[in-house]
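> Compute the structure for the input listed below.
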Amino acid sequence: MRLTAEGISKEYLRENAAAGTNRFCAVRETSLTLEPGTVTVLTGRSGSGKTTLLHMLGGLSEPGSGRVLLGDTDLYALPDKQRSALRNREFGIIPQGQTALHSLTAAENILLPCYLSGEKPDLAFAEELMQRLDISALRDARPAALSGGELRRVAIARALIRRPSVILADEPTGDLDDENTKTVFGLLKETAEAGAAVLIVTHETDAAQYADRQYRMQSGALTEPDAP
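Residues are numbered from 1 along each chain as shown. Got it, this is the predicted structure:
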């Protein structure tokens with residue numbers, strides 16, 4: 001399903017002892033379309049607004065202006081509960097930080113979106129994802145026993161488990177070695193080829209070879225795409 005941002009922007013109010021209250025523009029007015037079946041790669045320095053943009057696209061942070069459409073549905077015109085349900089159904093979000101629930105095993109964390117939606121989990125697909133990501137042997141381990149890279153791979157499997165329409169990946173390979181980085185990018189490319197719209201926010205230069213479109217963000221502004 002197509003995800004479209006129309007003129008979205010985000011500002012924050014910041015308190016400064018010397019200057020008082022001022023406005024910080026995290027994302028300048030931006031329009032962007034993520035097409036089904038494509039991988040879009042977004043690069044840029046830390047603090048350039050990439051994560052803020054991803055959060056707006058994913059229904060996690062309301063823009064100060066503009067709108068975000070999933071197909072014909074305006075995400076921020078929906079009540080919070082409906083938007084959360086839509087996000088759980090249609091979006092797979094891979095965050096930068098570790099978000100595994102420590103009371104659940106690795107496998108239970110992966111299947112959590114299914115439990116929350118009340119649907120029967122696809123255990124065969126979960127096992128396939130765990131094998132692809134080399135965490136099958138850790139299925140019964142708790143997060144406290146996992147490394148940062150292993151937790152990252154659990155988060156990736158969790159984002160993919162319901163075969164969502166849109167994948168938003170924020171530095172998905174930040175904790176991974178070269179071999180696992182290649183596996184993850186390949187898996188995200190396959191997910192796009194199966195029909196999803198995939199956005200990868202990354203510092204990895206190798207991501208370019210998997211991209212159908214590329215953008216760069218600088219000081220909150222999105223540049224025109226370059227050819228892969």
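
> What residues does Ser136 make contact with?
127, 130 (Cβ atoms under 8 Å, 6 or more residues apart in numbering). Where you see a C-beta, it was placed from the backbone N, CA and C, and this is true even at glycine.

> Can you give me every residue that contacts Pro121?
So Pro121 contacts 111, 114-115, 161 (Cβ under 8 Å, 6+ apart).

> can we see that at 6 Å?
Contacts for Pro121 were tallied using Cβ atoms under 6 Å, 6 or more residues apart in numbering; they are 111, 114.

> what about it, is that helix, strand or coil?
Recorded secondary structure, Pro121: coil (DSSP: H, G, I helix; E, B strand; the rest coil).

> Relative to the whole chain's centre, how far out is stretch 89-102?
8 Å (Cα atoms, centre = their mean, to the nearest Å).

> what is the rounded mean pLDDT of it?
Per-region confidence: stretch 89-102 scores 93 on mean pLDDT.

> Could you do stretch 9-25 as well?
Regarding stretch 9-25, the rounded mean pLDDT is 76.

> I figured Leu34 hits Ala196, correct?
No - applying Cβ atoms under 6 Å, one finds Leu34 not in contact with Ala196, separated by 9.3 Å.

> what mean pLDDT would you report for the longest helix along the chain?
Secondary structure of the chain per DSSP state H: the longest helix is helix 178-193. Summarised as a single mean, pLDDT over helix 178-193 is 96.

> Read off the pLDDT value for the one residue sitting closest to the centre of the chain.
In the chain, the centroid-proximal residue (Cα atoms, centre = their mean) is Leu168; its distance is 2.4 Å. Note on Leu168: pLDDT of 98.

> thinking again about what came up before, give me the contacts around the longest helix of the chain.
Helix 178-193 has contacts (Cβ under 6 Å, 6+ apart) with 37-39, 132, 167, 172-173, 198, 210.

> among the residues you listed, which are in helices?
Arg132.

> of all the contacts of helix 178-193, which comes closest to Asp74?
Closest to Asp74 out of those is Ile167 (20.7 Å), distances taken as Cβ to Cβ.

> Can you list the low-confidence ranges for the protein?
16-21, 225-228 (pLDDT under 70).

> Give the full set of residues in contact with the residue nearest to the centre of the chain.
Going by Cβ under 6 Å, 6+ apart, the list of residues near Leu168 reads 54, 58, 93, 199.

> Farthest pair within the residues you listed?
Top of the distance list for the contacts of Leu168 (Cβ to Cβ): Ile93 and Leu199, 10.0 Å.

> Between these two, which is the more surrounded one?
A side-by-side neighbour count of Ile93 and Leu199, using other Cβ atoms under 10 Å, places Leu199 first with 27 against 22.

> I'd guessed that one sits against Thr38; true?
No - if you go by Cβ under 6 Å, Leu199 and Thr38 don't touch, sitting 9.4 Å apart.

> Now do the helices in the protein.
Under DSSP H, the chain gives helices at 50-57, 80-90, 106-117, 123-132, 148-160, 178-193.

> The third one versus helix 148-160: what angle between them?
Yep, that's helix 106-117 we're talking about. 30 degrees (axes from the mean of the first three to the mean of the last three Cα atoms, to 10 degrees).

> For helix 106-117, buried residues please.
106-114 (16 or more other Cβ atoms under 10 Å).

> Looking at the residues you listed, spot the one nearest Gln214.
Taking the buried residues of helix 106-117 together and measuring to Gln214 by Cβ to Cβ, the closest member is Pro113, at 28.9 Å.

> returning to that earlier point: show the buried residues in the contacts of helix 178-193.
Using 16+ other Cβ under 10 Å as the threshold, 38-39, 132, 167, 172-173, 198, 210 are the buried ones among these.

> Thank you kindly, that will do.
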